[in-house]
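Q: return atomic coordinates for the entry below.
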Amino acid sequence: MLYTRKGAGQPVEVLQFSYMSEEADAIAAEIGRRAASGCAWHDIAVIYRQNRLSRAIEEALIQARVPYEIVGDVGFYQRVAVKDALALLSLAARPDDRQSDEAFRRVANKPTRGLGAKGLGAIELRARDQDISLLAAVSETRLSQKAAAALREFERVVREITEERDDREALGRSRGSYGTKVCVIADGHGKAIGFALAPGQAHELPLTPAMLDDLPSVSLWVVADKGYASNAMRERIWDMGARPAIPAKRRDGPVACPKWAYRCRHLVENLWARLKEWGAVATRYEKTATSFLAVIHIAAAADWIKP
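A: Alright, predicted model coming up:
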């Protein structure tokens, strides 16, 4: 029980909220109102029943820019379990980025995987020599049998999480930044027929079979840039009854690619110029691949309607 030597004071006010976030926002707003009326920050206290309730209150205070200090506990985001979880998510978000190395150091041996200071030092040296991330250096470093097996399983799990995110969001690092590859197949008038999404680091070729299946009829020519250059791709086009106009890469031998046919690629470039007039297409506002693809289809439909 709490007792006071002072007088009765002001009556207690009871408020009811449907959600924890509403309660926290109301607390932050009331604190701000009292501070604005002259009450000192250190004369205001928030007492809560369980430690788990601190997260919502902390977030509301941070958003409202209210300074605070937690007494008898640690902040939600300062708890060891929360820091470990955030480090694991950071590592899964950028497994091959050197910026994720600190996250790797934090969670690589949690739970214990037999990784000591010597093993971590060997991974650090390998990563520095090859200019790769610590996670990528695991498979390149000679470790004890126990540590090697445990860390490779850890790497597999992390990359599995990354792949699931890539499938859901179609985001990946490409030339220094995260982005999405959008491949389109268009008709002879430069109108879109089908789209396919892939993370920025993915190759275009695996997307082509489904895109070719979107063709409403057999084309005379299929024109594509060097990103689609492969003998298997050309053979598939021939098998369809069409002719490929895909230039060879430098390391490949000469192939037939009529210049007059390849010039038709400007139809696709012009198509993208029109689609990118939509801000949501040019900058990718949508978080998930499904939502982003829906926006692209809306922009393509509007392009079809234009005279």
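Q: drop to CA atoms for contacts and neighbour counts, all remaining ones
A: OK.
Q: all helices of the stretch 201-307 of the chain, in order?
A: Listed in chain order, the helices of the stretch 201-307 of the chain (DSSP state H, counting those that start in this stretch) span 208-213, 231-240, 259-262, 266-275, 279-282, 289-305.
Q: I figured residue 223 was touching residue 267, is that so?
A: No. Look at residue 223 against residue 267 with Cα atoms under 8 Å: they stay out of range, at 10.3 Å.
Q: those two: which is more packed in?
A: In this comparison of residue 223 against residue 267, neighbours counted by other Cα atoms under 10 Å, the higher total goes to residue 223 at 21 against 16.
Q: now stretch 108-115: average pLDDT?
A: In this model, stretch 108-115 has a mean pLDDT of 88.
Q: buried ones in it, by neighbour count?
A: Of the residues in stretch 108-115, those scored as buried under the neighbour-count criterion (16 or more other Cα atoms under 10 Å) are 108, 109, 114, 115.
Q: farthest pair within these?
A: Between any two of these, the greatest separation by Cα to Cα is 9.7 Å, found for 108 and 114.
Q: so which of the buried residues of stretch 108-115 sit within strands?
A: Residues from the buried residues of stretch 108-115 lying in strands, with DSSP state E as the criterion: none.
Q: let me see the contact set for the nearest residue to residue 140 once chain neighbours are set aside.
A: Nearest residue to residue 140, sequence neighbours excluded (Cα to Cα, 6 or more residues apart in numbering): residue 126, at 7.2 Å. The contact partners of residue 126, taken as Cα atoms under 8 Å, 6 or more residues apart in numbering, are 137, 140, 141.
Q: so where does residue 126 fall, helix or strand?
A: Remark: residue 126 resides in helix 117-130, with elements defined by DSSP states H and E.
Q: where are the low-confidence patches of the stretch 151-300 of the chain?
A: Low-confidence segments of the stretch 151-300 of the chain, defined by pLDDT under 70, are located at 171-177.
Q: show me the contacts for the residue nearest to residue 158 when sequence neighbours are not counted.
A: Closest residue to residue 158 in three dimensions, ignoring its sequence neighbours and counting by Cα to Cα, 6+ apart: residue 92, at 5.3 Å. Remark: with contacts taken as Cα under 8 Å, 6+ apart, residue 92 is in contact with 158, 159, 161, 162.
Q: mind giving me the packing neighbours of the one helix or strand the third one maps to?
A: Element membership of residue 161 [criterion: DSSP H and E] is helix 145-169. Contact here means 3 or more Cα pairs under 8 Å, 6 or more residues apart in numbering; DSSP states H and E; on that basis helix 145-169 packs against helix 80-93, strand 192-199, helix 289-305.
Q: quick check: buried residues in stretch 146-166?
A: Neighbour counts over stretch 146-166 (16+ other Cα under 10 Å) mark 147, 148, 150, 151, 154, 155, 158, 159, 162, 163, 165, 166 as buried.
Q: on that earlier part again, for residue 159, see how far away the residue nearest to residue 158 is.
A: Remark: distance between residue 92 and residue 159 (Cα to Cα, to the nearest Å) = 7 Å.
Q: what about the closest residue to residue 278 other than its chain neighbours, how many residues close to it?
A: Counting by Cα to Cα, 6+ apart, the nearest residue to residue 278 once its immediate chain neighbours are dropped is residue 299, at 7.0 Å. Applying other Cα under 10 Å, we find 19 residues neighbouring residue 299.
Q: wait, isn't residue 299 in contact with residue 275?
A: Yes. Between residue 299 and residue 275 there is a contact under Cα under 8 Å: 6.0 Å.
Q: any residues in contact with both of the two?
A: Common neighbours of residue 299 and residue 275 are listed as residue 281 (criterion: Cα under 8 Å, 6+ apart).
Q: quick one, what contacts residue 258?
A: Contacts of residue 258 by Cα under 8 Å, 6+ apart are residue 245.
Q: same question for residue 98.
A: Taking Cα under 8 Å, 6+ apart as the contact definition, residue 98 lies against 132, 133, 134.
Q: what subset of those residues is buried?
A: Burial by neighbour count, 16+ other Cα under 10 Å: within the contacts of residue 98 this picks out 132, 133, 134.
Q: tell me the spacing between residue 147 and residue 184.
A: Residue 147 sits 45 Å away from residue 184 when distances are taken as Cα to Cα.
Q: repeat for residue 97
A: The gap separating residue 97 from residue 184 is 29 Å, by Cα to Cα.
Q: can you tell me the closest non-neighbouring residue to residue 281?
A: Spatial nearest neighbour of residue 281, excluding adjacent residues (Cα to Cα, 6+ apart): residue 296 at 6.2 Å.
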